[in-house]
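Colleague: Got a predicted model here, sequence first, then my questions.
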Amino acid sequence: MSGGQSDVLADALAAIETWRTARPWARLRVPSAKRAVSVAPRQVYLTTFFETRRVEYAFIAASTCPANPDPRPDPWTLSMDHSRDAKAHDRITLPLKGQLFLVCEICHGSGDARCPKCDGAGKVHDFENREVGCPECSRRGWIACPVCAESGGVFARPTAISEIHCSERMQVDEASELPLDALLELMDEEREGETVYLHESDRIVDLPRQGYRDTASDTALREIVIALGNTPDIPPGSRVLRQRLEVRAVPAWKVTLDDDRDVFVYGVPPRVTPERHLLSTAGKLARLFVTHD
Ligand SMILES: [Zn+2]
Ligand SMILES: [Zn+2]
């Protein structure tokens, strides 16, 4: 394993070097280090494809308000099945047969609607900011309901609409010793590192038993999957279509420098924290001048 250990150190130093050469102005020294350990944190993404359904209506004014309005259709009882690989924004539009006799939604059957010009006040301000009677409603504050033409009732042609949406939740496996600033950055919803496990299913509420390392003993990952899977980010009344679990390993190392201080190098492209441990003497002086300016 001694060869493995020096490989880890070489990888960590190479990552620091990539970071260092990307900021030639920063006066950073070439680090000399004793050892490095890989602390590879994991980003766990749970993507949920879910379906929403609703019914939209086109209204025509009726001549009366119904005493017993027709029941509205429940869109979830309709056959509107998306394919299993449906994507976000996919939509099925289903015009339903017939028309319904309903109470007008705008005026709730009263036949009067709040005047849109004065918002029910009956008065408006003229160009010289004087209060004058609203010309739209003749100071009444209400107008004849434009949807039902004062009858309080409408005929409604229903169209059912089903839409696919996508939401995503992510958590970082904090089993690693990474400092907080690095962890927060990795939780920034940016995918880093490489995918080490991908699993798709109708519903994911627990870590699948097979497929990734020894998943049975991976309690840290399992806890995250259960937490994400039991509270998918979907609005009430919608339905989960399928879910995708993605685990990404982010390269990260804890590097112990020759002077026994630790720095962490993590991510793609690599970042280092705390940076001050790698400042050269010239860099420290430069920083001193800046902070005391
Ligand atoms: Zn109305
Ligand atoms: Zn008005």
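Modeller: Received, thanks. Ligands and ions are numbered 1, 2, ... in the order given.

Colleague: how near is residue 87 to residue 47?
Modeller: 11 Å (Cβ to Cβ, to the nearest Å). Quick note: C-beta positions are derived from backbone N, CA and C, even for glycine.

Colleague: So for the two, which residues contact both of them?
Modeller: Taking Cβ atoms under 8 Å, 6 or more residues apart in numbering as the contact rule, the neighbours common to residue 87 and residue 47 are residue 166.

Colleague: if you count what's nearby, which of the two comes out ahead?
Modeller: A count of neighbours by other Cβ atoms under 10 Å puts residue 47 above the other of residue 87 and residue 47, at 20 against 10.

Colleague: May I have the beta-bridge partners of that one?
Modeller: On the basis of DSSP bridges, residue 47 is bridged to residue 168, residue 244.

Colleague: how near is it to ligand 2?
Modeller: Using Cβ to the ion, to the nearest Å, we find residue 47 at a distance of 49 Å from ligand 2.

Colleague: What score does that residue have for pLDDT?
Modeller: Listed pLDDT for residue 47 reads 94.

Colleague: Quick check: it touching residue 246?
Modeller: Yes. If you go by Cβ atoms under 8 Å, residue 47 and residue 246 touch, sitting 7.1 Å apart.

Colleague: what's around the residue of the stretch 151-293 of the chain found nearest ligand 2, how many residues?
Modeller: Per Cβ to the ion, residue 152 is where the stretch 151-293 of the chain lies closest to ligand 2, at 20.3 Å. Neighbourhood size, residue 152 [other Cβ under 10 Å]: 22.

Colleague: and the stretch 1-150 of the chain, which of its residues are near ligand 1?
Modeller: 104, 106, 107, 145, 147, 148 (Cβ under 5 Å from the ion).

Colleague: possible to save these as TSV with distance to residue 240, secondary structure and neighbour count?
Modeller: As requested, those are exported to TSV (distance: Cβ to Cβ, whole Å; DSSP: H, G, I helix; E, B strand; the rest coil; neighbours: other Cβ atoms under 10 Å):
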residue	distance to residue 240	secondary structure	neighbour count
104	35	coil	26
106	34	coil	17
107	38	coil	23
145	40	coil	22
147	36	coil	16
148	38	coil	28
